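Visitor: Take this sequence and fold it.
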Amino acid sequence: MITLDNLEKRQHTYAQIAPHLEALYGRKTFEPHDGMDELVSCILSQNTTDANRDRGFFALKDKYASWSEVHHAPTQELIEVVRPAGLANSKAPNIQSSLERIYTERGEYNIDFLADMPVNEARQWLMSLKGVGPKTASIVLCFGYGKAAFPVDTHVFRVGKRIGLLPPKISIENAHYAMEAIVPSGEYYSFHLQVIYHGRKICKARQPLCESCPIKTFCDYYSLGDSTSPIESDFDE
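Guide: The predicted structure follows:
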């Protein structure tokens, strides 16, 4: 956990912008995803586009009928299967390492036990898997099990800093805990998705559409007339 400066101000900013984002992008209702699918998909998503992630994930599911087959496949074969996702030389071994750990500890390829664990304990368990960082762990918990974990991807990181929800120099790891302190836990799922949509459609990395933005009145970036913005960077997934 972290100590966040100006927490009340940041919470007030959230309260001001949340209704506008919900009006623009709608209310997002939690729909649980399969935990194992979410974990492997998130590993494949690291440092690539959603389209490439999906190509790699669907290729994996088409090739192998079970997680056991993925686990025991020749590593070089798996690398070739998931190559469309990028960085296959590291992602394929990380997937197999995770499957090895899960099966060794649980006797099956299933992580549904995380649903019954406290969120921070579950997050630390996931982050002990090779290649799994705070973003992947939070996505698995939030999207797989509806737990109170706030995932911070590149869009949330950028938009959060521009608006003023996140401090300018905060680390990506601490940003997860900061957003959990700022946003009410019941809103994590919906607000996370709304910020992602906003980052893709309006608050883009380059040439953000500030004049079209419904929350520009509350935005530090817009009010300062800054010509530079926090640029998304590679971070531990």
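
Visitor: which regions of the protein sit below the pLDDT cut-off?
Guide: Low-confidence segments of the chain, defined by pLDDT under 70: 1, 226-237.

Visitor: can you list the domain ranges for it.
Guide: 7-29+151-224, 35-145 (automatic domain parsing).

Visitor: Quick check: end-to-end length of the longest one?
Guide: Start to finish, the residues bounding domain 35-145 are 7 Å apart (CA to CA, to the nearest Å).

Visitor: Show the residue spans covered by the helices in this protein.
Guide: 7-25, 35-45, 50-63, 67-72, 75-81, 88-106, 119-127, 134-139, 145, 154-163, 172-182, 188-201, 220-224 (DSSP state H).

Visitor: The first one vs helix 188-201, what angle?
Guide: Compare the direction of helix 7-25 with that of helix 188-201 by axes from the mean of the first three to the mean of the last three CA atoms, to 10 degrees and you get 70 degrees.

Visitor: elements contacting helix 7-25?
Guide: helix 172-182, helix 188-201 (3 or more CB pairs under 8 Å, 6 or more residues apart in numbering; DSSP states H and E). Bear in mind the C-beta positions are built from the backbone N, C-alpha and C, glycine included.

Visitor: Relative to residue 142, which of the ones you listed is closest?
Guide: helix 188-201 (5.9 Å; CB to CB).

Visitor: The closest one versus helix 154-163: what angle between them?
Guide: Going by the same axes, to 10 degrees, helix 188-201 makes 80 degrees with helix 154-163.

Visitor: Against which helices or strands is helix 188-201 packed?
Guide: By 3+ CB pairs under 8 Å, 6+ apart, helix 188-201 packs against helix 7-25, helix 154-163.

Visitor: Which one of those lies nearest to residue 93?
Guide: That would be helix 154-163 among the helices and strands packed on helix 188-201, by CB to CB, at 24.1 Å.

Visitor: Run the angle between that closest one and helix 172-182 for me.
Guide: On the basis of the same axes, to 10 degrees, helix 154-163 is oriented at 70 degrees to helix 172-182.

Visitor: which other helices and strands contact helix 154-163?
Guide: Applying 3+ CB pairs under 8 Å, 6+ apart, one finds that helix 154-163 makes contact with helix 172-182, helix 188-201, helix 220-224.

Visitor: Please tabulate these in a markdown table and include mean neighbour count and distance to residue 95 as additional columns.
Guide: Output for the helices and strands packed on helix 154-163, formatted as a markdown table (neighbours: other CB atoms under 10 Å; distance: least, CB to CB, whole Å):
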| stretch | mean neighbour count | distance to residue 95 |
| --- | --- | --- |
| helix 172-182 | 21 | 22 |
| helix 188-201 | 20 | 24 |
| helix 220-224 | 15 | 38 |
